[in-house]
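**Q** predicted model, plus sequence, below.
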Amino acid sequence: MNSSFRITSNLTRSLRQKYGALAPRRPPALGASIVTRHISSSSNTKGTSVPTPKAARTASEGNEKGLLGSQRCLPEFNLVDRVVLISGGARGLGLTQAEALLEAGAKVYALDRLEKPSPGFYEAQARATNNLETSLHYRQIDVRDEAKLHAVVQTIADENGRLDGLIAAAGINEEHTALEYTAADFNRMMEINVTGAFLTAQAAARQMVKLGKGGSIVMIASMSGTIANRGLICPAYNASKSAVLQLGRNLASEWGPYGIRVNTISPGYIVTAMTEELFVKFPERREDWPKQNMLGRLSKPQEYRGAAVFLLSDASSFMTGADLIMDGGHHSW
């Protein structure tokens with residue numbers, strides 16, 4: 001048997017004997033290890049309280065989406081009582097990541113320009129209140145509205161006495177050839193995808209600096225920020241996402257001394273309702289796009305849940321100025 005495997009096995013056995021099974025998702029206080037609490041307990045021979053098998057099964061079965069926020073979650077991923085903002089969080093990828101943060105225990109505020117969020121938002125909101133012991137809130141805001149954006153973020157921070165994280169996911173995409181792009185259309189893309197991301201990060205960072213507790217900021221970039229997409233003509237979009245990548249690195253450098261981490265996520269092609277509409281218009285893309293990455297398929301929004309929790313939690317406490325590329329190996333050929 002490999003010696004490192006033997007050491008790991010012995011360590012795991014020792015921890016289990018000492019602590020028993022891992023505990024539920026809500027610790028007694030912020031920052032406390034999840035292994036210090038139990039659902040329904042009995043005592044072992046050393047007097048250590050451990051969950052009964054029935055209680056452990058109930059907690060696991062009650063978590064519809066997975067193990068985040070359950071007694072099996074690593075303490076580093078615990079977001080209980082943390083306050084997180086998500087721009088573009090009323091639908092799509094932003095809402096999917098919001099649900100993951102809720103399951104990890106965070107209180108989430110979705111910021112979006114929609115007058116009303118999508119039906120899925122209300123389902124997630126009800127589940128947060130009824131099953132996850134936390135809450136999901138909505139604030140209508142256009143990320144280009146600097147004054148209102150700063151006011152909304154400040155109010156949220158003041159009401160909660162804290163602001164721990166932000167995911168800047170608001171963005172748009174349009175297909176136009178460079179020869180046909182107008183200055184107005186190009187500027188609109190930059191205003192939402194770049195300036196909007198900057199203003200949202202700035203608003204959050206100002207509150208984090210004022211509160212003096214640091215925080216984590218994540219901006220959604222794209223693999224298109226580092227490659228030219230074959231068969232997809234989006235010069236303004238690709239340029240905007242490249243700008244987001246560089247923006248993230250510079251903000252990380254400037255805000256690091258305040259304990260604020262800034263990272264980006266670069267997704268590959270994601271199957272969404274908008275993507276399906278695009279496939280109706282360009283059916284050849286449904287067959288061609290999966291062939292462009294190493295896994296031979298397109299991603300789903302749910303595959304970016306873990307990345308959101310990782311980057312906003314203590315699991316990534318020494319990670320900043322980095323880009324998390326999740327494109328199925330698309331640009332690693």
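**A** Cool, got the structure.
**Q** what sits against residue 229?
**A** Neighbouring residues of residue 229 by C-beta atoms under 8 Å, 6 or more residues apart in numbering: residue 238. Any C-beta I mention is one placed from the backbone N, CA and C, and that applies to glycine too.
**Q** could you look up the SS state of it?
**A** What DSSP: H, G, I helix; E, B strand; the rest coil gives for residue 229 is coil.
**Q** could you check how far it is from residue 162?
**A** Computed with C-beta to C-beta, to the nearest Å, the distance linking residue 229 and residue 162 is 40 Å.
**Q** ok, residue 95 next?
**A** Using C-beta to C-beta, residue 95 is found at 23 Å from residue 162.
**Q** which residue of those two possesses the greater neighbour count?
**A** Using other C-beta atoms under 10 Å as the criterion, residue 95 and residue 162 rank with residue 95 on top: 24 against 18.
**Q** pretty sure that one contacts residue 119?
**A** No - between residue 95 and residue 119 there is no contact under C-beta atoms under 8 Å: 10.5 Å.
**Q** report the secondary structure state of residue 295.
**A** Assignment for residue 295 (three-state DSSP): coil.
**Q** how about it: what's its closest non-neighbour residue?
**A** Closest residue to residue 295 apart from its sequence neighbours, by C-beta to C-beta, 6 or more residues apart in numbering: residue 328 at 4.1 Å.
**Q** contacts only, for that neighbour.
**A** Counted by C-beta under 8 Å, 6+ apart, residue 328 has contacts 268, 293-295, 297-299.
**Q** can you check the pLDDT for it?
**A** If you check residue 328, the pLDDT there is 98.
**Q** for it, pull up the helix or strand it's in.
**A** Using DSSP states H and E, residue 328 sits within no helix or strand.
**Q** and stretch 148-166, what's buried?
**A** Under the neighbour-count criterion of 16 or more other C-beta atoms under 10 Å, stretch 148-166 has 149-150, 152-153, 156-157, 160, 162-166 buried.
**Q** could you dump it to PDB, C-alpha only?
**A** Extracted in PDB, the C-alpha atoms of stretch 148-166 (Å, rounded to 0.1, in the frame of the first residue of the first chain):
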ATOM      1  CA  LYS A 148     -28.500  54.600  -7.500                       C
ATOM      2  CA  LEU A 149     -26.200  51.700  -7.500                       C
ATOM      3  CA  HIS A 150     -24.000  53.200  -4.700                       C
ATOM      4  CA  ALA A 151     -27.100  54.100  -2.700                       C
ATOM      5  CA  VAL A 152     -28.600  50.600  -2.900                       C
ATOM      6  CA  VAL A 153     -25.400  48.900  -2.000                       C
ATOM      7  CA  GLN A 154     -24.700  51.300   0.900                       C
ATOM      8  CA  THR A 155     -28.300  50.700   2.200                       C
ATOM      9  CA  ILE A 156     -27.800  46.900   2.100                       C
ATOM     10  CA  ALA A 157     -24.500  47.200   4.000                       C
ATOM     11  CA  ASP A 158     -25.900  49.600   6.600                       C
ATOM     12  CA  GLU A 159     -29.000  47.400   7.200                       C
ATOM     13  CA  ASN A 160     -26.900  44.300   7.700                       C
ATOM     14  CA  GLY A 161     -23.900  45.800   9.300                       C
ATOM     15  CA  ARG A 162     -21.700  43.900   6.900                       C
ATOM     16  CA  LEU A 163     -21.100  43.100   3.200                       C
ATOM     17  CA  ASP A 164     -19.000  40.000   2.500                       C
ATOM     18  CA  GLY A 165     -19.200  39.300  -1.200                       C
ATOM     19  CA  LEU A 166     -20.200  40.300  -4.700                       C
END
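**Q** so where is the chain shaky, pLDDT-wise?
**A** Along the chain, the model assigns pLDDT under 70 to residues 1-73.
**Q** residue 299: what's it in contact with?
**A** 267-271, 326-328.
**Q** now, which of the residues you listed lie within strands?
**A** Within the contacts of residue 299, residues falling in strands by DSSP state E are 267, 326.
**Q** buried members of the contacts of residue 299 into ChimeraX, please.
**A** Command for ChimeraX, covering only those of the contacts of residue 299 found buried under the criterion 16+ other C-beta under 10 Å:
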select :267,268,269,270,271,326,327,328
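**Q** re the thing from before, distance of the residue nearest to residue 295 from residue 298?
**A** Distance from residue 328 to residue 298, by C-beta to C-beta: 8 Å.
**Q** which neighbours do the two have in common?
**A** Contacts common to residue 328 and residue 298, judged by C-beta under 8 Å, 6+ apart, are residue 268.
**Q** what's around residue 255, how many residues?
**A** Quick note: residue 255 (other C-beta under 10 Å) scores 21 neighbours.
**Q** now do the contacts for it.
**A** Going by C-beta under 8 Å, 6+ apart, residue 255 touches 205, 209, 217, 262.
**Q** give the buried residues for the helix or strand hosting it.
**A** Using DSSP H and E, residue 255 sits in helix 235-255. Residues of helix 235-255 classed as buried: 235-245, 247-249, 251-252, 255 (neighbour count, 16+ other C-beta under 10 Å).
**Q** and residue 262, which of the three is it?
**A** Using three-state DSSP, the structure places residue 262 in strand.
**Q** show me what contacts it?
**A** For residue 262, the contact set (C-beta under 8 Å, 6+ apart) comprises 201, 216-219, 248-249, 251-252, 255, 320-321.
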